[in-house]
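Participant: any chance you can model this:
(2 chains)
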Amino acid sequence: DTTVKQNPRYKLARVGKPVNLICSQTMNHDTMYWYQKKPNQAPKLLLFYYDKILNREADTFEKFQSSRPNNSFCSLYIGSAGLEYSAMYLCASSRVWGPYAEQFFGPGTRLTVL
Amino acid sequence: GDSVTQTEGQVTVSESKSLIINCTYSATSIAYPNLFWYVRYPGEGLQLLLKVITAGQKGSSRGFEATYNKETTSFHLQKASVQESDSAVYYCALGDYSGTYQRFGTGTKLQVVP
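Facilitator: Okay, the predicted model is just below:
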């Protein structure tokens, strides 16, 4: 099973409220990623966990938090949503290092902030 | 910085005709970039279509092929005869050997018409 699951598929949030998105995989992948995708833009890497080590992109460092309580689950947390957070959020996982380090993507969570 | 450019936002091709989707890249922080094509079918998550890790090599999958051209920094996607089921959004991406670093293009929506 090469499925990455994301919950919820659609999320409506109010400005200033927190948002928590969930991702899971059962492939025993050591790395899990979160991307943000806005219309007509490229998917943008926000952060990734390699095992228990969190790596966040410099320009989104303060905007997003994440946790990985076990190998299978990873969350993306927004403490106070703003209108600019409206986007599709894509989770992916991979077993890193080597020429076969393919990322497997989930279907995405569409977040709308009002 | 590193970047991937896809010049066409949308391409419409008649069934059984040939296809080329352009992709060029700039890799300033990666010594030996890996190049990818991902595809997103309607209602599904991003999935890897093909990957090439060595300059000069060609990758192929599902009738699609792309050649890693280091001289022209290009990785164009081609298919000799498209089908309606190929209608999807195609993303070119650049990565490193570890698999944790990926930069995506903005995507090209392919519509195949009868």
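
Participant: would you check how far apart residue B:18 and residue B:109 are?
Facilitator: Per Cβ to Cβ, to the nearest Å, residue B:18 is found 18 Å from residue B:109. C-beta coordinates here come from the backbone N, C-alpha and C atoms, glycine included.

Participant: who has more neighbours out of the two?
Facilitator: residue B:109 (15 against 10; other Cβ atoms under 10 Å in any protein chain shown).

Participant: which neighbours does the helix or strand that contains that one have in its sheet, and in what orientation?
Facilitator: Following DSSP states H and E, one finds residue B:109 within strand B:108-113. If you go by DSSP bridges, strand B:108-113 pairs up with strand B:10-14 (parallel), strand B:88-95 (antiparallel).

Participant: which pLDDT value does the model give residue 100?
Facilitator: Assuming you mean chain A. Confidence at residue A:100, expressed as pLDDT, is 58.

Participant: actually chain B
Facilitator: So, for residue B:100, pLDDT stands at 75.

Participant: what of the one 4 residues further on?
Facilitator: According to the model's per-residue confidence, residue B:104 sits at a pLDDT of 94.

Participant: tell me where the chain has strands.
Facilitator: In the absence of a named chain, this looks at chain A. All strands of chain A, identified by DSSP state E, fall at A:4-7, A:10-13, A:19-25, A:31-37, A:44-50, A:53-56, A:65-70, A:73-78, A:87-94, A:104-105, A:109-113.

Participant: please refer instead to chain B.
Facilitator: B:3-5, B:10-14, B:19-21, B:24-26, B:34-40, B:47-52, B:58-61, B:64-67, B:77-79, B:88-95, B:102-104, B:108-113.

Participant: how about a markdown table for those strands, with distance to residue A:67 added?
Facilitator: Below are the strands of chain B laid out as a markdown table (distance: least, Cβ to Cβ, whole Å):
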| stretch | distance to residue A:67 |
| --- | --- |
| strand B:3-5 | 30 |
| strand B:10-14 | 38 |
| strand B:19-21 | 38 |
| strand B:24-26 | 33 |
| strand B:34-40 | 27 |
| strand B:47-52 | 26 |
| strand B:58-61 | 35 |
| strand B:64-67 | 37 |
| strand B:77-79 | 37 |
| strand B:88-95 | 25 |
| strand B:102-104 | 22 |
| strand B:108-113 | 35 |
